[in-house]
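Visitor: what follows is a predicted structure for the sequence shown.
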Amino acid sequence: MSEVADESKEQAEVRVRELTAANDVLQEQIAGRKGAEERFSESEEHYLNVAETATDAIITTDEEGEITFVNRAAERVFGYGSADLSGLKLTTLMP
């Protein structure tokens with residue numbers, strides 16, 4: 001082979017090694033993010049279980065004060081279902 005061909009082959013091999021290493025890093029990052037998503041999902045499920053079974057009324061709102069969550073105790077206290085309150089302003093219940 002010519003010297004130019006040998007140099008091109010060597011450059012290609014170096015690039016393949018670089019890309020393989022980059023791919024390995026990306027695969028590790030993806031695995032880490034999937035693990036974080038699973039832990040977050042488990043945490044969210046745990047929170048919802050605690051909130052739903054709490055004996056105290058729990059109501060959450062977004063930044064605009066619109067109701068996003070109502071637990072069963074809050075439904076009993078206020079006499080409205082979660083679906084009835086979802087999206088309403090908190091001031092509907094507490095002026």
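Guide: It's in.
Visitor: residue 60: what secondary structure?
Guide: strand (DSSP: H, G, I helix; E, B strand; the rest coil).
Visitor: off-centre distance for the longest helix seen in the chain?
Guide: Assignment by DSSP state H gives helix 3-53 as the longest helix of the chain. Its chain's C-alpha centre and that of helix 3-53 lie 17 Å apart, by C-alpha atoms, centre = their mean, to the nearest Å.
Visitor: now do that helix, average pLDDT.
Guide: Across helix 3-53, pLDDT averages out at 93.
Visitor: please apply the same query to stretch 59-72.
Guide: Mean predicted lDDT for stretch 59-72 stands at 96.
Visitor: which residues does it contact?
Guide: 51-54, 57-58, 74, 78, 80-82, 85-93 (C-beta atoms under 8 Å, 6 or more residues apart in numbering). C-beta here means a position set from N, CA and C on the backbone, and glycine is covered the same way.
Visitor: in that stretch, what's buried?
Guide: Across stretch 59-72, burial judged by 16 or more other C-beta atoms under 10 Å covers 59, 67, 69-72.
Visitor: please pick the buried ones from the contacts of stretch 59-72.
Guide: 51, 74, 78, 80, 85, 90, 93.
Visitor: these in helices, which ones?
Guide: 51, 74, 78, 85.
Visitor: want to throw those residues into JSON lines with distance to residue 33?
Guide: Shown next, in JSON lines, are those (distance: C-beta to C-beta, whole Å):
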{"residue": "51", "distance to residue 33": "26"}
{"residue": "74", "distance to residue 33": "34"}
{"residue": "78", "distance to residue 33": "39"}
{"residue": "85", "distance to residue 33": "34"}
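Visitor: and the two most separated of those?
Guide: 51 and 78 (15.6 Å; C-beta to C-beta).
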